[in-house]
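Peer 1: give me a 3D structure for the following:
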Amino acid sequence: MTRRERTEVLVVGGAVVGAAIALALAQDGFEVMLAEARPPPPWRLEAPDLRVYALAPDNAAFLDALGVWAAIREARAQPYRRMRVWDAGGGAPLVFEADAVGRPQLGWIVEHALLVDRLWAALPAAGVRVASPASLQSLAQDESQIEARFVDAQDPLAVRARLLVAADGGASRARELAGIGISARDYGQRGLVAFVDSEGPHRATCLQRFLPGGPLAFLPFAHAGGRRHSIVWSLPEAEAQRLLAIDDAAFAGELRRASDDALGALTLASPRVAFPLRRQLARRYRDGRLLLAGDAAHVVHPLAGQGVNLGLRDAATLRETLRRARQRGGDPAASSLLDRWARTRRSENAAAAYTFETINRV
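Peer 2: Numbers count the residues shown, from 1 in each chain. A predicted model of the protein is given here:
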């Protein structure tokens, strides 16, 4: 038997961007259902997530408007007040100070798992119905609705909606089913991530050094008495594999040399993980009543830490677009409205992606 559901908005993908979209639209009075293939594990204070983001102030304000930012900050969010960027080839470093722009901080370092955990905790009170596990199998649409079919651990599920927002990641099944192509470039690099503890305190400072093989970033983390950092090291494939294979002490020595001894002695505080780096842009963000957001629409180089920021801006602007339409008595799923949002977001995200790619190449 197939279980059948109806809703105004169906969001496919329940990571940061998908959960934020579902929460935002539900709070604005839309009937929303969220489908996610795998329920997220609970965040744990004693087990920091290696995936961290440099959250920009506008997105912190968006999360605050959703009512989740206070819970995130209370759990663990590290403000950063200073950035220092320099090149291994020489030249004076670039320094950015929060005081210079009249802010208490430039942004916050926050774990992926914590963001997802607090967003999901807010979904029930907003009235979001959640289907998980639910793996998308097929899509069909006409002028009035879109239907998504899912397979889950119990009965098959069919959901009909006026609008479907796909935020199901870089390997988006929804994008594939809609026949939306991508423009992609494999950088031949891997992003190696880990936590390290430094001899000296991080002083709420982000460091980034450009090396011949790619940039190395140290992001301050709220742990270990102000001496812990999340590192993101962009490396050629072969070098990444070599650095994954050596022992902890040897890796810490390599990292200290690569950072120009900016933090003194370093100690590895977690496993090392590496992921492939690529640029991936959907050729369009809309197919009828289906919209793409987050990594389903754009994947960018991590050197500027902007991936999740771009995705949350997708969410914030979609919320404003649909809210204005409803306030004016219009159809939130009107083609002209969705086309405008899709064109604007694709233009802004593509400009950002190619800018980061150019910086990395140069």
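Peer 1: and the longest strand seen in the chain, what does it pack onto?
Peer 2: In the chain, taking DSSP state E as the definition, the longest strand is strand 182-198. Contact partners of strand 182-198 among helices and strands, from 3 or more CB pairs under 8 Å, 6 or more residues apart in numbering; DSSP states H and E: strand 214-221, strand 228-236, helix 237-245, strand 266-268, strand 273-282, helix 335-361. Heads up, the C-betas are built off the backbone N, CA and C, glycines and all.
Peer 1: hey, what's the angle from the next helix or strand after it to strand 214-221? Just curious.
Peer 2: The helix or strand immediately downstream of strand 182-198 is strand 205-211, counting by DSSP states H and E. Counting by axes from the mean of the first three to the mean of the last three CA atoms, to 10 degrees, strand 205-211 points 170 degrees away from the direction of strand 214-221.
Peer 1: ok, now which ones touch the closest residue in space to residue 136 that isn't next to it in sequence?
Peer 2: Leaving aside its sequence neighbours, residue 136 sits nearest to residue 173 (CB to CB, 6 or more residues apart in numbering; 4.7 Å). Residues near residue 173 by CB atoms under 8 Å, 6 or more residues apart in numbering: 12, 135-136.
Peer 1: quick one: which of the residues you listed is nearest to residue 71?
Peer 2: Closest approach to residue 71 among the contacts of residue 173 (CB to CB): residue 12, at 25.1 Å.
Peer 1: what sits against that closest one?
Peer 2: Applying CB under 8 Å, 6+ apart, the residues contacting residue 12 are 18, 35-36, 136, 148, 164-168, 173-174.
Peer 1: now residue 184
Peer 2: Here residue 184 is in contact with 278-281 (CB under 8 Å, 6+ apart).
Peer 1: so what sits opposite it in the bridge?
Peer 2: With DSSP bridges as the criterion, residue 184 is bridged to residue 280.
Peer 1: now the one 10 residues further on
Peer 2: When assigned by DSSP bridges, residue 194 has beta-bridge partners residue 231.
Peer 1: show residues contacting stretch 114-128.
Peer 2: Contacts for stretch 114-128 (CB under 8 Å, 6+ apart): 14-16, 19-20, 22-23, 26-27, 31-34, 40, 42-43, 49, 53, 63, 66-68, 71-72, 75-77, 130, 308.
Peer 1: pLDDT of it, averaged?
Peer 2: Mean pLDDT, stretch 114-128: 98.
Peer 1: what's the answer for stretch 95-111, then?
Peer 2: Mean predicted confidence for stretch 95-111 is 95.
Peer 1: contact partners of it?
Peer 2: 43, 48-49, 51-57, 60, 72-73, 76-85, 204, 206, 219-222, 230.
Peer 1: show me these that map onto helices.
Peer 2: 57, 60, 72-73, 76 (DSSP state H).
Peer 1: which one (most neighbours) among those residues?
Peer 2: residue 72 (22 neighbours; other CB atoms under 10 Å).
Peer 1: go ahead and confirm that one touches residue 64.
Peer 2: No - Residue 72 is beyond contact range of residue 64, at 9.3 Å (criterion: CB atoms under 8 Å).
Peer 1: any stretches of the stretch 151-300 of the chain with poor pLDDT?
Peer 2: 153 (pLDDT under 70).
Peer 1: so how many other residues sit close to the spatially closest residue to residue 267 that is not a sequence neighbour?
Peer 2: What sits nearest to residue 267 in space, not counting adjacent residues and going by CB to CB, 6+ apart, is residue 197, at 4.7 Å. Using other CB under 10 Å, residue 197 is surrounded by 20 other residues.
Peer 1: please shift the residue numbers so they start at 761 in all later answers.
Peer 2: All right, first residue 761 from here; so that's residue 957.
Peer 1: rewinding a little: closest one of the contacts of residue 944 to residue 1081?
Peer 2: For the contacts of residue 944, the residue nearest residue 1081 by CB to CB is residue 1041; the value is 20.6 Å.
Peer 1: hey, where'd the strands end up in the stretch 811-960 of the chain?
Peer 2: Using DSSP state E, counting those that start in this stretch, the strands found in the stretch 811-960 of the chain span residues 812-815, 838-840, 842-847, 854-857, 867-871, 889-891, 894-901, 906-912, 917-926, 942-958.
Peer 1: so which of the ones you listed comes closest to residue 1096?
Peer 2: strand 917-926 (14.2 Å).
Peer 1: neighbours around residue 1118, how many?
Peer 2: Residue 1118 has 10 nearby residues by other CB under 10 Å.
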